[in-house]
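Asks: I'd like to go over a predicted model; first the sequence, then the structure.
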Amino acid sequence: MSKIKLGIIGYGNLAKGAECAIAQNPDMELVGVFTRRDPASVQIKTPDVPVLHLDDAKAWKDKIDVMILCGGSATDLPTMTPDMAKKFNVIDSFDNHGAIPTHFANVDAAAKAYNHIAVISVGWDPGLFSLNRLYAAAVLCQGESYTFWGKGVS
């Protein structure tokens, strides 16, 4: 069986969760973790997978099927996702709800120009919280959807 070769950019809590999820799927293989920190200072759980500096990611263009971007929505992903979509198929967890249309447009243009696939805003919210609200609305059609963090829902 051919495995999907995955890379991860960043190594905070989100990336650690992605690494654990990859390990549970026999059709996936983590092939590299990329960081802005000193790679020698980053200890990952998956044996024999290199930790490399983010600047080295471009050299892995033909070795990675999908790059999982685990940067922050405020400053990292708005530039990182469109840039990486030029080199890889990408997934991010962008969650700045008001800026999603702009983020989508920027990422979509970059991915299309380089014939890549980009999936944005995958995670808790938007993502799993949105699906939970959808399921609840299907069953409790007279219910009320709201959030605990401010205006709007994804």
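Replies: Done, it's in.

Asks: longest single strand anywhere in the protein?
Replies: Secondary structure of the chain per DSSP state E: the longest strand is strand 28-35.

Asks: avg pLDDT for that one?
Replies: Averaging pLDDT along strand 28-35 yields 98.

Asks: off-centre distance for it?
Replies: 13 Å (Cα atoms, centre = their mean, to the nearest Å).

Asks: what's the end-to-end length of stretch 93-101?
Replies: 14 Å (Cα to Cα, to the nearest Å).

Asks: got the buried residues for that stretch?
Replies: 93, 94, 95, 97, 100 (16 or more other Cβ atoms under 10 Å). Where you see a C-beta, it was placed from the backbone N, CA and C, and this is true even at glycine.

Asks: now, those that are in helices?
Replies: Per DSSP state H, helices hold the following members of the buried residues of stretch 93-101: residue 100.

Asks: out of the buried residues of stretch 93-101, which is nearest to residue 139?
Replies: residue 97 (24.4 Å; Cβ to Cβ).

Asks: can you tell me the centre-most residue of the chain?
Replies: residue 92 (2.6 Å; Cα atoms, centre = their mean).

Asks: and the buried residues of stretch 93-101, which two are furthest apart?
Replies: Going by Cβ to Cβ, the pair spanning the buried residues of stretch 93-101 furthest: 93 and 97, at 12.5 Å.

Asks: just the strands in this protein please.
Replies: Under DSSP E, the chain gives strands at 4-9, 28-35, 51-53, 66-69, 89-91, 118-119.

Asks: in CSV, could you pull the C-alpha coordinates for the first one?
Replies: Meaning strand 4-9. Extracted in CSV, the C-alpha atoms of strand 4-9 (Å, rounded to 0.1, in the frame of the first residue of the first chain):
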residue,chain,number,x,y,z
ILE,A,4,0.3,9.5,2.0
LYS,A,5,3.6,11.3,2.9
LEU,A,6,3.0,14.2,5.3
GLY,A,7,5.0,17.0,6.5
ILE,A,8,4.3,19.3,9.5
ILE,A,9,5.2,22.9,9.8
